[in-house]
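Visitor: With the input below, show me the fold.
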Amino acid sequence: MSDDIKNDEIPTTPEELAAWEAKQAAQNADQDDSPVGGVDDRFDRVEEGCIKPEGARSDDALKEKVIAQLKTIYDPELPVDIYNLGLIYDIDCWRHPDNGTGGCKVTMTLTSATCSMSEVIVDLVRSIPKRMDELDCLDVNLVFDPPWDQSKMSDEAKLAMGML
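Guide: Numbers count the residues shown, from 1 in each chain. Sure thing, here's the model as predicted:
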């Protein structure tokens, strides 16, 4: 849906978020009549061609770059990025054994299974390869077990939320 999102297009204010949602609604008016938010089969797709091949080697440097990108994506309802909020459960980055292309699988959750911003957040994560030359694909595995709770937040996030 939003595979062409660039760094400067990530909504960071309520006005930008409203404009982004309006643009998405207009683009999808004829295609999708599923409700905004909540969990349904919209998140069950595997990014085409983004399956870790046999013999792929882990790439920790690529993982760190993906983490840096995840830290630019903020939950629109909270003043905290999704990485420090604790929504990211696992990041597996690799290099293809034949051609060296980079791939990544991000296992993540949402603060709630009925999060109204679920589509926005997942689309922003899926758009990371558009902002990184060395990453060819990224697949998002959205899970709700274990459920998110405040204990998953980093100290930085707790401080930003006034919890420390």
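Visitor: all contacts plus neighbour counts: C-alpha atoms, from now on.
Guide: OK.
Visitor: Show me where the protein has its strands.
Guide: For the chain, the strands defined by DSSP state E occupy 57-58, 88-95, 102-108, 137-142.
Visitor: Show me where this protein has its helices.
Guide: Remark: helices assigned in the chain by DSSP state H are 14-28, 60-70, 118-126, 155-160.
Visitor: Need the winner for burial among those.
Guide: Highest mean neighbour count among these (mean count of other C-alpha atoms under 10 Å): helix 118-126, with a mean of 20.
Visitor: name the helices or strands packed onto that one?
Guide: Applying 3 or more C-alpha pairs under 8 Å, 6 or more residues apart in numbering; DSSP states H and E, we find helix 118-126 packed against strand 137-142.
Visitor: May I have the strand it packs on exported as CSV, CA atoms only?
Guide: The C-alpha coordinates for strand 137-142 follow below in CSV (Å, rounded to 0.1, in the frame of the first residue of the first chain):
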residue,chain,number,x,y,z
CYS,A,137,13.3,-6.6,1.1
LEU,A,138,11.7,-6.5,4.5
ASP,A,139,8.9,-8.8,5.7
VAL,A,140,6.8,-7.9,8.8
ASN,A,141,5.6,-10.7,11.0
LEU,A,142,2.8,-9.1,13.2
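Visitor: what's it packed up against?
Guide: strand 102-108, helix 118-126.
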